[in-house]
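# just the structure for this:
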Amino acid sequence: MLFNYIKIAWKVLLRHPFYTFITLFGITLTLTVLMVLTSFIDHLLGSHYPEYKRDKSLYIMNLTIQDSARSSMNNSPLSYNFIKEHIQKLKTPEKVGFSTFVSFANSYLNGKKIKLNTKFCDANFWEVTDYEFLEGKPFNEQNIANGEHVVVITDAIKKQYFEDETASAVGKSIEIDNEKFRVIGVVKAAPVTRLMTFSDVFFPYNLPKSNYQTAGLQGNFTAIVLAKSKSDFKAIQEEFNASVNRIPLPIALYGQKYDVIEVRAQTYTDTVLHTFMSGGREIYFYIGIVFILLILMGLPAINLVNLNVSRIMERASEIGIRKAFGAPSSALAWQFIIENIFITMIGGSFALILTLIIISIFNDSGLILHADLSINFSVFGVSLLVCLVFGLLSGVVPALRMSKMKVIDALKSS
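Predicted structure coming up:
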């Protein structure tokens, strides 16, 4: 019976090519836009290279100090001293790694300037992240303690700087801001959208230009706290907050006294939203996303409802004949349900193919450096389910109404 319903649905699609095109176009466009949008959001906030451990990590990015009246505020990344005293000494985490925000440096090759994104980090940085080493290895605690001028570079920089791409870069020298460094490792480049990990060149944190010896609580560092499991988040946050609460107040800075310290150990999503939407307004981000999705789903769905109603109404004679031969109302309703599922699945297949093409073009375009957008199949499944719900409602409601019509009325309407 199911196969027969699918055959009927296929014949109906072929009978009215224009209606079929409009219906499939609406479903395909809706799912394509949803998948591209959610793929981009997932690219920004999901667990991807080189941060596959985001679901087990807490991020500490900024430290804010305010006066008691909340009229004066100073916001900045963390100092190395703060990380050493209040983050590295935590007992609950599995590992703590830290690095600076991205800064810039210049290198020259045959008179041509190469602009580099640079980052200073500790040895644990390579353990709390998942950088893929194509050559060599990361610098370790011994390299840092010895003050060695070593660097880890990306494969993209290797291609730019070294003429022979096939030869290993490990052990070779690279000159950056008029200083020579020995390449100790080459990693696969990460997208520029990975705020906490992206860089072209990675230096040991204790080189002078990192300003790691800055006094006070604020500096240029951020920290990644890797938990043994997600269930440890609360314990880590409580231990961290207790350590911060022991900092003597007030804090004197630039002639101003500050009595309030705000610094949070949060998931990556909460950290990013809190940074760009401070003041407890993170909820507006989620509301905005839901609203956009409803608009994207709602407008094509309304069009789909109207098309399905028109398509079903013109088949009144078919319903009348089937009822005349004893077809029960439930069988008629199921026929239209199967038809709508079949049509939605076809539209979903087109949307998946179109989304793959769009994402591939976007990744190759260079609009986002080293972008690695991909299909989020869980979101695709949810989007397809929502379309199915709209499709079922648009098909079942008129189908039930038609199935309850008297045979003579159904035949007359033809």
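
# counting contacts, what elements does the helix or strand T20 falls within pack onto?
Mapping T20 onto the secondary structure by DSSP states H and E places it in helix 17-45. Packing contacts for helix 17-45, counted by 3 or more CB pairs under 8 Å, 6 or more residues apart in numbering; DSSP states H and E, involve helix 268-276, helix 282-313, helix 329-365, helix 377-403. All C-beta spots, glycine's among them, are computed from the backbone N, C-alpha and C.

# for the ones you listed, which has the smallest mean pLDDT value?
Looking over these, mean pLDDT reaches its minimum on helix 282-313, with a mean of 64.

# three-state assignment of P138?
Per DSSP: H, G, I helix; E, B strand; the rest coil, the secondary structure class of P138 is coil.

# if you drop the residues flanking it in sequence, what lies closest to it?
Nearest in space to P138, with sequence neighbours left out and distances taken as CB to CB, 6 or more residues apart in numbering, is W126 at 3.9 Å.

# now swap in M61 and tell me
Once flanking residues are discounted, M61 sits nearest to T222: 4.8 Å by CB to CB, 6+ apart.

# next, count neighbours for that neighbour.
By the other CB atoms under 10 Å criterion, the neighbourhood of T222 contains 22 residues.

# next, it: phi, psi?
Dihedral pair for T222: phi -130, psi 160, per degrees, to the nearest 10.

# all helices for the stretch 1-150 of the chain, in order.
When assigned using DSSP state H, counting those that start in this stretch, the helices of the stretch 1-150 of the chain occupy the ranges 2-15, 17-45, 80-86, 125-128, 141-145.

# of those, which is nearest E165?
Evaluated with CB to CB, these place helix 125-128 nearest to E165, the distance being 23.7 Å.

# got the CA positions of the closest one in PDB?
As requested, the backbone C-alpha atoms of helix 125-128 are provided in PDB (Å, rounded to 0.1, in the frame of the first residue of the first chain):
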ATOM      1  CA  PHE A 125      48.100  25.100  25.100                       C
ATOM      2  CA  TRP A 126      48.900  22.200  22.700                       C
ATOM      3  CA  GLU A 127      47.200  19.800  25.100                       C
ATOM      4  CA  VAL A 128      43.900  21.700  25.600                       C
END
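
# how far out from the middle of the chain is it?
Centroid displacement of helix 125-128 relative to its chain, using CA atoms, centre = their mean, to the nearest Å, is 20 Å.

# how long is stretch 205-219 end to end?
13 Å (CA to CA, to the nearest Å).

# buried residues, stretch 113-133. List them.
Neighbour counts using 16 or more other CB atoms under 10 Å place 116-131 of stretch 113-133 among the buried residues.

# for T355, grab the count of nearby residues.
Using other CB under 10 Å as the criterion, T355 is surrounded by 23 other residues.

# just the pLDDT for the residue nearest to it when sequence neighbours are not counted.
Beyond its immediate neighbours in the sequence, the residue positioned closest to T355 (CB to CB, 6+ apart) is M35, lying 4.3 Å away. Model confidence at M35, expressed as pLDDT, equals 82.

# tell me how far the residue nearest to M61 lies from E51.
When CB to CB, to the nearest Å is applied, the distance between T222 and E51 equals 13 Å.

# name the residues contacting each of these two.
Residues within reach of T222 and of E51 at once, by CB atoms under 8 Å, 6 or more residues apart in numbering, are M196.

# which two in the buried residues of stretch 113-133 are spaced the farthest apart?
Considering CB to CB, no two members of the buried residues of stretch 113-133 lie farther apart than L116 and E127, which are separated by 24.1 Å.

# gap between Q142 and E148?
The span separating Q142 from E148 equals 8 Å under the rule CB to CB.

# compare those two (neighbour count), which wins?
Just comparing Q142 and E148: by other CB under 10 Å the higher neighbour count belongs to E148, 16 against 9.

# pretty sure the more buried one is touching F181, no?
No. Between E148 and F181 there is no contact under CB atoms under 8 Å: 9.0 Å.

# surely I224 is in contact with Y59?
Yes. With contact defined as CB under 8 Å, I224 counts as touching Y59 (5.9 Å).

# who touches both of these two?
The overlap between the contact sets of I224 and Y59 (CB under 8 Å, 6+ apart) consists of M196.

# and the two? Which one has more around it.
Between I224 and Y59, counting by other CB under 10 Å, I224 is the more crowded of the two (28 against 23).

# who does that one bridge with?
Listed by DSSP bridges, the beta-bridge partners for I224 are Y59, G97.

# pull the contacting residues for it.
By CB under 8 Å, 6+ apart, the residues touching I224 are 57-60, 96-98, 125, 128-129, 196.

# now do it against I83, distance only.
The separation that I224 has from I83, given CB to CB, amounts to 11 Å.

# and for the two, which residues touch both?
With contacts taken as CB under 8 Å, 6+ apart, the residues that reach both I224 and I83 are 96, 98.

# and the closest residue to H43 other than its chain neighbours, how many neighbours?
Distances taken as CB to CB, 6+ apart place L373 nearest to H43, at 4.9 Å, with adjacent residues excluded. Applying the criterion other CB under 10 Å, we find 21 residues in the vicinity of L373.
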